[in-house]
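In: Pasted the sequence and its predicted model underneath.
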Amino acid sequence: GEDVEQSLFLSVREGDSSVINCTYTDSSSTYLYWYKQEPGAGLQLLTYIFSNMDMKQDQRLTVLLNKKDKHLSLRIADTQTGDSAIYFCAAESGGSYIPTFGRGTSLIVHP
Amino acid sequence: DVKVTQSSRYLVKRTGEKVFLECVQDMDHENMFWYRQDPGLGLRLIYFSYDVKMKEKGDIPEGYSVSREKKERFSLILESASTNQTSMYLCASKTLGSVSTEAFFGQGTRLTVV
């Protein structure tokens, strides 16, 4: 089955850019998601990209997809303390409707 | 505003008790999921359901069962709670469609088994 890997922690200074990386194993993964979990809450969809795209930009967020290497990244520009959260990468193959999640990256933003 | 509601935020149960975790969604979604979340392990799929009375095992179904008698409600059952089932439990729902869609999550139930 699908396996999704991401590093567990990232620490950045406020105002810097954050880059969270993710790799997945199933080359048939069609939909790739980034979810955000704030303390004490469930997950909320942050952004997504389809496998036929290389890049997607949404305000401060940029998602890059390298299908050949099965590598996904999320860049947050001008990171703020309010961005401190756990970020989950998820991959889903077309027709399965079942996302497989990574372990989550805890982003810590310090002044 | 779309909603997935889990019946409890916090639960404390004794070893050996039968535990019910309830989840209700108001979006008429076909798919519903139960995950458990543990530090360093991320989200692991316990069971999912793609229709009323239909269920499929996920990656870690042992010690759990589920019930989906109505489309909007998906229950997770711990037949005999054990301390290694102490965890955060997250319910999610998702529609079927020609393109995939986001999963909507409840706020989570933190279960402690003592």
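Out: Thanks, I have it. Numbering: from 1, shown residues only, chains lettered A, B, ... in the order given.

In: tell me the pLDDT at residue A:94?
Out: In this model, residue A:94 is scored at 72, pLDDT.

In: and it, how far is that from residue A:101?
Out: In this view, residue A:94 and residue A:101 are 18 Å apart by C-beta to C-beta, to the nearest Å. Using the backbone N, CA and C atoms, a C-beta is placed for each residue, glycine as well.

In: Which of these two has more residues huddled nearby?
Out: Per other C-beta atoms under 10 Å in any protein chain shown, whichever of residue A:94 and residue A:101 has more neighbours is residue A:101, with 22 against 13.

In: Show me where chain A dips below the pLDDT cut-off.
Out: The model of chain A has no residue with pLDDT under 70.

In: List the contacts of residue 103.
Out: With no chain named, the answer covers chain A. Residues in contact with residue A:103 (C-beta atoms under 8 Å, 6 or more residues apart in numbering or on different chains) are A:5, A:6, A:8, B:40, B:41, B:42.

In: I was thinking of chain B, sorry if that wasn't clear
Out: Residues near residue B:103 by C-beta under 8 Å, 6+ apart: A:43, A:45, A:99, B:33, B:92, B:93, B:94.

In: Next up, identify which helix or strand the fifth one is on.
Out: The reference is to residue B:92. Counting by DSSP states H and E, the element that carries residue B:92 is strand B:87-94.

In: Direction included, what does that strand pair against?
Out: Strand B:87-94 sits in its sheet next to strand B:31-38 (antiparallel), strand B:104-105 (antiparallel), strand B:109-113 (antiparallel), going by DSSP bridges.

In: Columns mean neighbour count on top of those, output as a markdown table?
Out: A markdown table is the format used below for those (neighbours: other C-beta atoms under 10 Å in any protein chain shown):
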| stretch | mean neighbour count |
| --- | --- |
| strand B:31-38 | 23 |
| strand B:104-105 | 22 |
| strand B:109-113 | 18 |
